[in-house]
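Peer 1: coordinates only, sequence not included:
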């Protein structure tokens, strides 16, 4: 029997006849918000774990049911817990769903960040985000979401964000929010800023990063382009532009042709083609046109792009390992400003 079923039976038994109906009603509200769990209770159990972490500051509880059970001894406590769970459940369920009604009053950028966090399958931050959604105003929630994404990218690229370490940090900070010790985004940032990879470490790691997942490379390049342009308009960067649908061009193609790319060996091709410095956003028609062609064919197409980070590739005399490394070093410099430790 999973944690959710064990807890339900315990709470219903503890509520007593006078409070049983109310407890059942609140429990049903919680389950209704979370939806049917077809994965053996893992979704419902995940919610309970993140809720519990946000209120106790513990990380991954090994005996979650026992911990919760030991905190509930009276019918009043059983009702209070189910009431709190019913309130938190819709927030947790909509946490990374950018289309949820919960996010209608938030900035479009916040919704985009939620989509990225969802794609990265970030779990450790959920207790903190849940606590913030329950206690903070919209402006501070916007900032916290931005910071969480920035920290996640930094840990993702530079390392140092092991599950146990970040899970404990997020849970402990979430408790401080729940208890009212932290009431602003600035206080949360102060708790994290010395534990997230520094600008130097992040830039160094970003300069040699390879990116295999196309959607992630598109997100990185889209975000870096916006930093590069600093507000200048571009058709590819309209507010509703879907970067997930953007075409990703590997300048040095995935399919290696020694005749078209004599400046690379088979070994050096494998070492460089997935480097972020070798990847660019390109319009679909242009991407199909250049395909696996040589750089001399691709260069004028890239140079004509309205995206500055794409166009600058076409200005290179040659596209070799040195050019890729130099471009990625420039992207790394932009990355520090694109994903700052302290978001504004």
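Peer 2: Arrived safely, thanks for sending. What you see is a predicted model; the values in this text were computed from it and never measured. Numbering: from 1, shown residues only.
Peer 1: show me where pLDDT drops low in the stretch 151-300 of the chain?
Peer 2: 163, 231-245, 284-289 (pLDDT under 70).
Peer 1: Tell me where it has helices.
Peer 2: Secondary structure of the stretch 151-300 of the chain (DSSP state H, counting those that start in this stretch): helices at 163-178, 185-192, 199-206, 214-229, 266-272, 284-290, 295-303.
Peer 1: Could you identify the helix or strand that succeeds the last one?
Peer 2: Right, helix 295-303. Counting by DSSP states H and E, the next helix or strand C-terminal to helix 295-303 is helix 308-314.
Peer 1: any idea how far residue 137 is from the spatially most central residue of the chain?
Peer 2: Nearest to the geometric centre of the chain sits residue 117, at 1.9 Å (C-alpha atoms, centre = their mean). The gap separating residue 117 from residue 137 is 20 Å, by C-beta to C-beta, to the nearest Å. Where C-beta positions appear, they are placed from N, C-alpha and C, glycine not excepted.
Peer 1: One more: residue 209?
Peer 2: Applying C-beta to C-beta to residue 209 and residue 137 gives a distance of 36 Å.
Peer 1: residues touching residue 160, list them.
Peer 2: Contacts here follow C-beta atoms under 8 Å, 6 or more residues apart in numbering; on that basis residue 160 touches 197, 201.
Peer 1: measure it to residue 151 for me?
Peer 2: Using C-beta to C-beta, we find residue 160 at a distance of 11 Å from residue 151.
Peer 1: same check, this time on residue 175
Peer 2: Going from residue 175 to residue 151 by C-beta to C-beta gives 18 Å.
Peer 1: And residue 5, by the same measure?
Peer 2: Taking C-beta to C-beta as the measure, residue 5 falls 35 Å from residue 151.
Peer 1: who has more neighbours, the two?
Peer 2: The residue with more neighbours, out of residue 5 and residue 151, is residue 151; 25 against 13, by other C-beta atoms under 10 Å.
Peer 1: Please convert the helices of the stretch 151-300 of the chain to CSV, extending it with mean neighbour count and distance to residue 14.
Peer 2: Formatted as CSV, the helices of the stretch 151-300 of the chain follow (neighbours: other C-beta atoms under 10 Å; distance: least, C-beta to C-beta, whole Å):
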stretch, mean neighbour count, distance to residue 14
helix 163-178, 20, 23
helix 185-192, 17, 35
helix 199-206, 18, 49
helix 214-229, 19, 46
helix 266-272, 14, 61
helix 284-290, 13, 60
helix 295-303, 17, 67
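Peer 1: got CSV for these, with distance to residue 101 too?
Peer 2: Listed next are those as CSV, based on distance: least, C-beta to C-beta, whole Å:
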stretch, distance to residue 101
helix 163-178, 23
helix 185-192, 23
helix 199-206, 35
helix 214-229, 25
helix 266-272, 45
helix 284-290, 33
helix 295-303, 42
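Peer 1: Show the backbone phi and psi for residue 36.
Peer 2: Main-chain dihedrals, residue 36, degrees, to the nearest 10: phi -60, psi 140.
Peer 1: For residue 305, which non-adjacent residue is closest in space?
Peer 2: For residue 305, ignoring the flanking residues on the chain, the nearest one in space by C-beta to C-beta, 6 or more residues apart in numbering is residue 311 at 4.7 Å.
Peer 1: Wait, that neighbour touches residue 300, no?
Peer 2: No: Residue 311 is beyond contact range of residue 300, at 10.5 Å (criterion: C-beta atoms under 8 Å).
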